[in-house]
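K.L.:
Please find the sequence and the predicted model below.
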Amino acid sequence: QQQVKQSPQSLIVQKGGISIINCAYENTAFDYFPWYQQFPGKGPALLIAIRPDVSEKKEGRFTISFNKSAKQFSLHIMDSQPGDSATYFCAASYWVTGNQFYFGTGTSLTVIP
Amino acid sequence: KAGVTQTPRYLIKTRGQQVTLSCSPISGHRSVSWYQQTPGQGLQFLFEYFSETQRNKGNFPGRFSGRQFSNSRSEMNVSTLELGDSALYLCASSLDTGRGNYNEQFFGPGTRLTVL
């Protein structure tokens, strides 16, 4: 059973456009929501993370929007660049399980020059 | 500072065999987690070790096992390999300053296991 559902599976965006990836979860005990970026041949790397006590977090061109009541969170990539082409994973965890993370199935992003 | 290293990077085995994968965490990191990555399934948590003890375990059969050594290096073992075990196995290490504190997990490049 997938505890974190991610969409879309793939995304193609023009350079300079906005990329939006969505995730939904069921377990209301989750209290930490990171996003990871993975390039081919590499392991995932932490991009940005949010706690449910805030509705938005921005780091450079990357923004997480969090909707606690809807149990959804999303990643927005502003001014998307070809170098952003990668697979993105959302994840969730809660303090009881410590470093056990539940991952979405991933979104393959392609930014066309 | 060296990153997380995993060996070997690629492995080909046949059904029924067993395999051992190795992970060396970042120096000073005591938590090591293992994930299985397959297309369409994303990353599935296998287990986490902290100070040589298994702290968390995912929903995988007993054929999957692991251990951690006193220097925090970790190994995972898969016995009686099945075709469905073909996947990228990722190791992640974390500084871990205690439960409730989310320290960044650093992933290694993974070991690509192919079962024929």
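P.N.:
Happy to help now that I have it.

K.L.:
May I ask you to confirm that A:Gln2 is in contact with A:Gly106?
P.N.:
No. Using CB atoms under 8 Å as the test, A:Gln2 is too far from A:Gly106 to be in contact (11.5 Å). From N, CA and C alone the C-beta is placed, and that goes for glycine too.

K.L.:
Please say which of the two ends up with more neighbours.
P.N.:
Between A:Gln2 and A:Gly106, A:Gly106 has the larger neighbour count (other CB atoms under 10 Å in any protein chain shown), namely 24 against 15.

K.L.:
List the contacts of that one.
P.N.:
Residues counted as contacts of A:Gly106 (CB atoms under 8 Å, 6 or more residues apart in numbering or on different chains) are A:6, A:9, A:38, A:87-89, B:42.

K.L.:
need the residues you listed in CSV with neighbour count, can you?
P.N.:
Shown next, in CSV, are the contacts of A:Gly106 (neighbours: other CB atoms under 10 Å in any protein chain shown):
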residue, neighbour count
A:Gln6, 23
A:Gln9, 10
A:Gln38, 21
A:Thr87, 18
A:Tyr88, 24
A:Phe89, 26
B:Gly42, 21
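
K.L.:
Tell me the residues of chain B that contact chain A?
P.N.:
Counting by CB under 8 Å from any CB of the partner chain, chain B comes close to chain A at B:4, B:31, B:33, B:35, B:40-45, B:48, B:50, B:55-56, B:58, B:90, B:92, B:94, B:96, B:99-100, B:102, B:104-110.

K.L.:
Now the contacts of A:Gly106 in CSV, please, with extra columns for distance to A:Lys68, secondary structure and pLDDT.
P.N.:
Formatted as CSV, these follow (distance: CB to CB, whole Å; DSSP: H, G, I helix; E, B strand; the rest coil; pLDDT from 0 to 100):
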residue, distance to A:Lys68, secondary structure, pLDDT
A:Gln6, 18, strand, 96
A:Gln9, 25, coil, 96
A:Gln38, 27, strand, 97
A:Thr87, 26, strand, 97
A:Tyr88, 21, strand, 98
A:Phe89, 21, strand, 97
B:Gly42, 23, strand, 89
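
K.L.:
Near chain B, which residues of chain A? Just list them.
P.N.:
So chain A meets chain B at A:2, A:6, A:32, A:34, A:36, A:41-46, A:49, A:89, A:91, A:93, A:95-106 (CB under 8 Å from any CB).

K.L.:
could I get the contacts of A:Gly106 as a markdown table with distance to B:Gly84?
P.N.:
As requested, the contacts of A:Gly106 are exported to a markdown table (distance: CB to CB, whole Å):
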| residue | distance to B:Gly84 |
| --- | --- |
| A:Gln6 | 22 |
| A:Gln9 | 21 |
| A:Gln38 | 22 |
| A:Thr87 | 21 |
| A:Tyr88 | 25 |
| A:Phe89 | 21 |
| B:Gly42 | 16 |
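
K.L.:
all strands in chain B, in order from the N-terminus.
P.N.:
B:5-7, B:10-13, B:19-24, B:31-38, B:42-50, B:53-57, B:64-68, B:74-78, B:87-94, B:105-107, B:111-115 (DSSP state E).

K.L.:
If any of the residues of chain A next to chain B are buried, give me the PyMOL selection for them.
P.N.:
Remark: buried members of these, expressed as a PyMOL selection using 16 or more other CB atoms under 10 Å in any protein chain shown:
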select buried, chain A and resi 6+32+34+36+43+44+49+89+91+93+97+98+99+100+101+102+103+104+105+106
